[in-house]
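1. sequence and predicted model, in that order:
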Amino acid sequence: MASLDEATPVFRDILGLKLLGVEDVPDQMVKVAKFEVGDVKIELIEPTSADSPISKFLEKRGQGIHHIAYRTDDIEKTIEEITANGARMIDESPRIGAGGVKIAFVHPKSTAKVLTEICEV
């Protein structure tokens, strides 16, 4: 499935997840569809530009899980703790992601090749 238009009905209608909304995130050149199942939120992302990092990811690896996100109450403190524990950050300071939430990514070389996002909610 190459687009949110194709994937959204699968997650909403077939899997029964609650669609929370769809949002453009121009800074990251993506469109995001957010779903909820219990206490877990799932985001499907679609690149809005061929120059998007997500477009490049899809060209290299194809469709699938891009990253896992964890919630924190204090992103600056969490970044300090992660780096103090020896991990490498992609974002040394938070930036704004979908929904206006502060986010930062941990480099996958530090997390068993899994791109990891920290979100302050």
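-> Received, thanks.
2. this protein - how does it break down into domains?
-> With domains defined by automatic domain parsing, the chain comprises 1-66, 67-121.
3. dump the ones you listed into CSV; add mean neighbour count and mean pLDDT as well.
-> All C-beta spots, glycine's among them, are computed from the backbone N, C-alpha and C. Output for the domains of the chain, formatted as CSV (neighbours: other CB atoms under 10 Å; pLDDT from 0 to 100):
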stretch, mean neighbour count, mean pLDDT
domain 1-66, 14, 90
domain 67-121, 14, 94
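4. list the contacts of the nearest residue to residue 82 once chain neighbours are set aside.
-> Once flanking residues are discounted, residue 82 sits nearest to residue 106: 6.0 Å by CB to CB, 6 or more residues apart in numbering. Contacts of residue 106 were listed using CB atoms under 8 Å, 6 or more residues apart in numbering, and they are 82, 87-90, 115-118.
5. how near is residue 112 to residue 68?
-> 11 Å (CB to CB, to the nearest Å).
6. try residue 92
-> 20 Å.
7. quick test: name the residue nearest the centre of the chain.
-> Relative to the mean C-alpha position of the chain, the nearest C-alpha, by CA atoms, centre = their mean, is the one of residue 67, at 5.7 Å.
8. coming back round to it: now, the contacts of residue 106 that are in strands?
-> Under the assignment DSSP state E, the contacts of residue 106 contribute 116-118 to strands.
9. alright, calling it a day.
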